[in-house]
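# how does the following fold in three dimensions:
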Amino acid sequence: MALKKLTEAQKLRIANMKQGEVTQTMSTSNNSITNASIVSREEVIPKVENVLEDVIEDTKYQSMQKNIIPQNIFVTNISNKEGQARTNYDYSQDDESEDDFFQEEEANNDDIDGINSLQDLLVEITTRKAKIPEGEIKFLIKHISLERCVESRYGIANQVTVHYHLHKEINGEIKEFSLKQKYYVSNYPKSRFGKLYKALTGKETSNHINLRKLYGISGTAEITYYTADNDDVFENVDIESIRVIRKHA
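Predicted structure coming up:
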C-alpha cells in the first residue's frame, strides 16, 4: 500500500495533538513534575536576538537578489492594454555614459587619413584651363578606337574616338599636343561624324563605314574653345576648318 506524503498542515495538526496530550498528562500528574528546570530570562534573550539578526540579514539579502539589475541594463516600466505593469530591459554593449561616447567619437574624427584639423577639410575646386593654343594647328590622326552600344541622347549608338597628334610652332619652337575627340557613328551626312568623315575622306557616309580609312590622315585645322556651364574650358577641332594634306594610303 503506497504511503501518502503528509502536507505541512497535517504535520502541524499532528504536532498540536501530541502537544495537547503531553499537556493533559502533565496537568493530571502534578506529583510527577518534581524537579522542573527553569531557564532564566538573561539566558533566553541573547539567543533570541541572535536569531532575529540572522533572519533580518537573510531577508535583506533575498530582497537585494530579487531587485538587483546589472549596470548595463536600462529598465523601462510601461503598462499594457490591461493596465498591468510590464518591465522592458534594454541591453547595452557597455555602461559608458552618452557624454563619454560622443567625446570618443569626436576624438576619432581627428584620425581621418590626411586630416588633422577642420581647416584640412576645405577643398578648393579650380576650373579647367585650355592647354592647347587657339588658331591654326597641324594634326595627324595617330589612333582610332571604337566603343559599341553606347547610350546617347538619340538612343544606343557606336562611338568612335579620334586621337589627334598636334604640333605648332610657338616662338620659333615646335610644341606638340594630344587631343581626343569623340563622335557618334552615323550615316546622316549633317551629323558631326558625317561632316568629319566627308572632310577627311571627301566621301559621304553610308551603311558600311571603314574607320581604318581615317587612320594616318594629316592636315591642318583650327582649334577653338568651348566653355561649359561651370566655366571649364575645353579644346575642340573645328571640323569646318579641316584641310587634308595627306590621306590614308
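
# skip the chain neighbours and tell me the closest residue to residue 163.
residue 143 (3.9 Å; CB to CB, 6 or more residues apart in numbering). Every residue, glycine included, has its C-beta placed from N, CA and C.

# which strand or helix spans the nearest residue to residue 211 once chain neighbours are set aside?
Leaving out its chain neighbours, the residue that sits closest to residue 211 by CB to CB, 6+ apart is residue 144, at 5.4 Å. Following DSSP states H and E, one finds residue 144 within strand 135-152.

# tell me, how many neighbours does the residue nearest to residue 163 end up with?
Residues near residue 143, counting by other CB atoms under 10 Å, number 12.

# from residue 237, how far off is the residue nearest to residue 211?
As defined by CB to CB, to the nearest Å, residue 144 lies at a distance of 14 Å from residue 237.

# more crowded one of the two?
residue 237 (20 against 15).

# contact partners for the residue nearest to that one when sequence neighbours are not counted?
Leaving aside its sequence neighbours, residue 237 sits nearest to residue 221 (CB to CB, 6+ apart; 5.2 Å). When contacts are counted by CB atoms under 8 Å, 6 or more residues apart in numbering, residue 221 touches 136-137, 139, 237-239, 241-243.

# just the buried residues out of those residues, in PyMOL syntax.
Remark: buried members of the contacts of residue 221, expressed as a PyMOL selection using 16 or more other CB atoms under 10 Å:
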select buried, resi 137+139+237+239+242
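
# need phi/psi at the closest residue to residue 142 other than its chain neighbours.
Spatial nearest neighbour of residue 142, chain neighbours left out: residue 165 (4.6 Å); criterion: CB to CB, 6+ apart. Here is the backbone geometry of residue 165 (degrees, to the nearest 10): phi -100, psi 120.

# touching, residue 247 and residue 201? I think so.
Yes. Look at residue 247 against residue 201 with CB atoms under 8 Å: they come within range, at 7.2 Å.

# which one of those two has more residues nearby?
Neighbours per residue (other CB under 10 Å) separate residue 247 from residue 201, with residue 201 holding more: 17 against 14.

# now do the contacts for that one.
Per CB under 8 Å, 6+ apart, neighbours of residue 201: 213-214, 217, 247.

# let's see it at 7 Å
Counting by CB atoms under 7 Å, 6 or more residues apart in numbering, residue 201 makes contact with residue 213.

# helix/strand/coil for residue 231?
Under DSSP: H, G, I helix; E, B strand; the rest coil, residue 231 falls in the coil class.

# ok, it to residue 141 distance?
Taken as CB to CB, the span from residue 231 to residue 141 is 30 Å.

# over to residue 121?
On the measure of CB to CB, residue 121 and residue 141 end up 45 Å apart.

# neighbour-wise, which of these two wins?
residue 141 (17 against 8).

# quick one, helices of this protein?
Along the chain, counting by DSSP state H, helices occupy 8-28, 41-67, 98-109, 192-201.

# put the alpha carbons of the strand holding residue 144 into CSV.
Extracted C-alpha coordinates of strand 135-152, given in CSV (Å, rounded to 0.1, in the frame of the first residue of the first chain):
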residue,chain,number,x,y,z
GLY,A,135,44.2,79.1,-84.0
GLU,A,136,45.5,77.0,-86.8
ILE,A,137,47.5,73.9,-86.0
LYS,A,138,48.8,70.8,-87.8
PHE,A,139,47.3,67.4,-87.0
LEU,A,140,48.0,63.7,-87.6
ILE,A,141,45.4,61.1,-86.8
LYS,A,142,47.5,58.5,-84.9
HIS,A,143,44.9,56.2,-83.4
ILE,A,144,41.2,55.3,-83.8
SER,A,145,39.2,53.4,-81.2
LEU,A,146,35.6,52.2,-81.3
GLU,A,147,33.1,51.6,-78.5
ARG,A,148,29.9,49.8,-79.4
CYS,A,149,26.4,50.1,-77.9
VAL,A,150,26.9,53.4,-76.0
GLU,A,151,23.9,55.3,-74.7
SER,A,152,23.3,58.7,-76.3
